[in-house]
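> Turn this into a structure:
(4 chains)
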Protein chains: 2
Amino acid sequence: MVSIKDVAEKAGVSDQTVSRVVHNDAKVDPRTRKRVERAIAKLGYVPNRAARMVRTNRSGVVALVTNSVSTTPFSTDIVRGVRDAIEATPYSLLTITTGSEPERRARCWKTVKEHRCDAVIFVTMYHRQVEEAELDPAVPTVLVNCSLENDRPVPAIVPDDYQGSYDAAALAFEHGHSRIGYVRLNQTILAARLREAGVRDLMRAKELMPREDWFVEGLVGKVFEDRYVAYENAMKILSLEDRPTVMLCGNDELALQVFSAAQTLGLRVPQDLSIVGFDDFQVISDVIRPGLTTMALPYYEMGQRAVRDVVKLIEKQPVETVRTAVPCVPVLRQSLQRLNRV
Amino acid sequence: MVSIKDVAEKAGVSDQTVSRVVHNDAKVDPRTRKRVERAIAKLGYVPNRAARMVRTNRSGVVALVTNSVSTTPFSTDIVRGVRDAIEATPYSLLTITTGSEPERRARCWKTVKEHRCDAVIFVTMYHRQVEEAELDPAVPTVLVNCSLENDRPVPAIVPDDYQGSYDAAALAFEHGHSRIGYVRLNQTILAARLREAGVRDLMRAKELMPREDWFVEGLVGKVFEDRYVAYENAMKILSLEDRPTVMLCGNDELALQVFSAAQTLGLRVPQDLSIVGFDDFQVISDVIRPGLTTMALPYYEMGQRAVRDVVKLIEKQPVETVRTAVPCVPVLRQSLQRLNRV
DNA sequence: ATGAAAGCGCTAACAC
DNA sequence: GTGTTAGCGCTTTCAT
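Here you go, the predicted structure:
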C-alpha cells in the first residue's frame, strides 16, 4: 500500500505538506498543492484511517448495534434510514449484532471498544424498554425504537404508537364506524399495549362501549416464536350475525390475515367489511387489493434522525430532546369505506 | 483510554508481555499471565485495533457493500445471513452504501480503502450481472446475488432462479395442472427472464403449449420505479370463461395481487384457483390464508456462504467454485391444490 | 520466559 | 508556506 511518504517523495515535499493537502489546509501554495494532488492521483494514494486514528484518538466510526434474533420487516427501514443518512457524514458505519445472552452482549461492546467507535446507534426490533445492562455507559449512545427507563439521559427515538392507534380509530369513527373490532399484537410487547390503549381511549372519548368479544389476539406465544392466530379469531368474529363493520389491526400482517378471513367467508372488502392496518408495511399494504388503509410509522425517518443526533453527540453539541416520540401518519387507501350512519 | 502501557505498568511487566498475554502466546509464565490478566480486567483494557492494524497492515474488517436504492425484502435476508455468520469469525463488518452514479461508487471504494478492508462482500438487490466498473480489482471480493460476466474470476453466489421456476412449474404439473398461467417480474431484470424460461421449458418438456394470453406482466416501468399491474392483468385472465387452473407468479407479492383478484371475483383459493409464488417471502407466504405454496430462495444461506468464501479469500485458501448457483426448494402450503385430471 | 528497540502511517507542535 | 521532530498504541525482531 502506498503511504504518505511515497506521495511526499514523488511530489518532492515533506509528508507533512501532503497531510495538509489531504486535509484541505489553507496554508499550502496552490502550485505545491497541484503537484501533491497529481502525485496522489498518480500513485492512487488513499489515507490510512487507522494510522490517523492512532494519532487523533477518534475513529470516525459509528457502530450500529442491533439484535438479530428477529426478522421484523420494519427494522430494515430504520437501518436503511441510518445507512442513507450516514453517507452524508464523514462517519463510517460498523454493523454489530448482539443478542440477549450476556456473553454475546459483552462481545458486542468489546468490538465497539476495540474499534474505538465514536458512538453507537442502538436499534431494537420492536418498541420496548431497554435495561441499563444492555448498554455501555462509556460509549455515547442513541436509542432507536426503545428507551431507557432510568435517570441516565440517553437520547431515544421512538414511534408514537399510542397517538397512531388513537388516530387510526378516530379515522374509522370519522368514516362512520362505531362497530369496531380489534386484533392485537403480542401483548407482551410495549407497542401492543400502547396501540390497544389508543383504540380504547378513542372509543371512550366517543362514548363507544368496546365489545370485548370483538377484541381478540392476533399472535400467541413468546415474542419471536409467536404464531399467527388472527385468521382464526377473525373467522369467529366475522361469522357472527352481529359483526363489526371495521376491523382495526395491530399491524399490517394481522390485517392480511383478517383480509384472508373475509375472503374465506365471502365478505367483500371494503363493501362488507373495512380493514385498517398499522405500520404501512408496503409489501403488504401497497400490494394487496383493495389497498390497505393503515398508519405509517416513520421508521426510515427515525433512522435518519438517529444519525443526526449521534453526530451531535459526538461533536458535543446539545441534543434537544432526550426522548422523541415520532408521530405516525395515516395512509388512506381503499380498505376503509365511508359508512352511512344508520 | 487505557493503553497497553498502563496495563504493563500495573502488572509490573513490559508492554511486550501484555501483548503476548492478549494474543495467547504460549511462552508466558502462568503466574505472570495471571497478574497481567488481572490488570487487564481491573483497568478494563481493550486492545486498540487501529494501532494493531498500523503495524500488521490487516484491518480485520470486511466491507458489506450494497446498493440502497431499493427496499427489496429478501436482500435483508442476505444481509442477515452475512451478519450472523460474521459473528463467528474474528472479522468485523463495515456497512457501505453505494449507488449507480460513478461519484458515489468512487466514494464507496475510497471508504473501503481508507479502512484497508481485508475484503468486500458485494450484494445486489436483485439478481443481475455487474460490470467491471462497479468493482475494484485491488480488493478481494465475493459477489452475492450477482455475477461478473468476465474473465476475472470473482467468486459469485447466485440463486438458481431457472431451476427453481422449472421445479415450481413441475410441481404444479404433478398436481395435475396443465392450464398454466404466468405473471412475470419486470422483464428487464435477469431473474425475470430465468424464471419465465424455467416455466416455459417445463411446459415444453411436458408438451404443453403455453397460452400467450395467460402469460402477463406483473410489473411495468423502470426497475425500482415500477408499478404493480398483476392485479389488473389477473382480473382479465380470471374473468375469462376459459381460464387457467393455476397461476404461477414471479414472486410472492405478485401472488398476493393474484390472490386479491381472485377475492374480487369471488374465486376461492385453492378450490377454484391454485396459486404458486416465488421467494418464500414469509411476511406474505406464511401469513396469508390459505398459506402460499412457493419456492424458497436461500438468501440467508447465500449470505452465510459469502462469509465463508470471503474468509477463505482473505486467508488465501482456494475458493472452490467461481460461480455457485444455490438451488431453490419448494415450500408446500395450501394454495396449490391437487387437481383431478379431466 | 521476558525485555529493549525500532517502526508501522499518520498528525500535532513547533521552528523557520 | 513548509519542514522537522516527536509520539499515538501496537507488533516484530532480536537480545538476554
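> With adjacent residues omitted, what lies nearest to residue A:118?
Spatial nearest neighbour of residue A:118, chain neighbours left out: residue A:314 (4.8 Å); criterion: Cβ to Cβ, 6 or more residues apart in numbering or on different chains. (Each C-beta comes from the backbone N, C-alpha and C, glycine too.)
> now swap in residue A:42 and tell me
residue A:10 (7.0 Å).
> what comes up buried for the lowest-mean-pLDDT helix or strand in chain A?
Least confident helix or strand of chain A, by mean pLDDT, DSSP states H and E, is helix A:73-86 with a mean of 88. By neighbour count on 16 or more other Cβ atoms under 10 Å in any protein chain shown, the buried set for helix A:73-86 is A:73-83, A:85-86.
> For residue B:264, state which of the residues you listed is nearest.
residue A:73 (25.6 Å; Cβ to Cβ).
> Tell me the spacing between that closest one and residue B:221.
Using Cβ to Cβ, to the nearest Å, residue A:73 is found at 23 Å from residue B:221.
> quick revisit: could you check whether the least confident helix or strand of chain A is close to chain B?
Yes: with Cβ under 8 Å from any Cβ of the partner chain as the criterion, chain B is reached by helix A:73-86 at A:73, A:76-77, A:80, A:83-84.
> can you check stretch A:21-29 too?
No: contact between stretch A:21-29 and chain B is absent, the nearest approach being 10.9 Å (criterion: Cβ under 8 Å from any Cβ).
> Alpha carbons only: can I get that stretch in CSV?
Written as CSV, here are the backbone C-alpha positions of stretch A:21-29 (Å, rounded to 0.1, in the frame of the first residue of the first chain):
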residue,chain,number,x,y,z
VAL,A,21,-3.2,19.0,1.2
VAL,A,22,-5.3,15.9,2.1
HIS,A,23,-6.9,17.9,4.9
ASN,A,24,-7.5,21.0,2.7
ASP,A,25,-5.4,23.1,5.0
ALA,A,26,-5.4,26.6,3.7
LYS,A,27,-1.8,27.3,4.1
VAL,A,28,-0.5,25.5,1.1
ASP,A,29,0.9,27.1,-2.0
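> hmm, who's touching that stretch?
A:4, A:17, A:19-20, A:32-33, A:36-37, A:40, A:47 (Cβ atoms under 8 Å, 6 or more residues apart in numbering or on different chains).
> got the buried residues for it?
A:21-22, A:28.
> Including distance to residue A:187 and secondary structure, could these go into CSV?
Shown next, in CSV, are the buried residues of stretch A:21-29 (distance: Cβ to Cβ, whole Å; DSSP: H, G, I helix; E, B strand; the rest coil):
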residue, distance to residue A:187, secondary structure
A:21, 61, helix
A:22, 56, helix
A:28, 64, coil
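> any chance of the residues you listed in CSV, plus pLDDT and distance to DNA strand C?
Shown next, in CSV, are the buried residues of stretch A:21-29 (pLDDT from 0 to 100; distance: Cβ to the nearest atom of the strand, whole Å):
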residue, pLDDT, distance to DNA strand C
A:21, 95, 10
A:22, 94, 6
A:28, 90, 12
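> In chain A, what residue comes closest to DNA strand C?
Among the residues of chain A, residue A:4 lies closest to DNA strand C, at 2.8 Å counting by Cβ to the nearest atom of the strand.
> just checking, that residue touches residue A:19?
Yes: shown here, residue A:4 and residue A:19 form a contact pair, counting by Cβ atoms under 8 Å, at 6.4 Å.
> can you confirm residue A:129 is in a strand?
Yes: assessed by DSSP: H, G, I helix; E, B strand; the rest coil, residue A:129 belongs to a strand.
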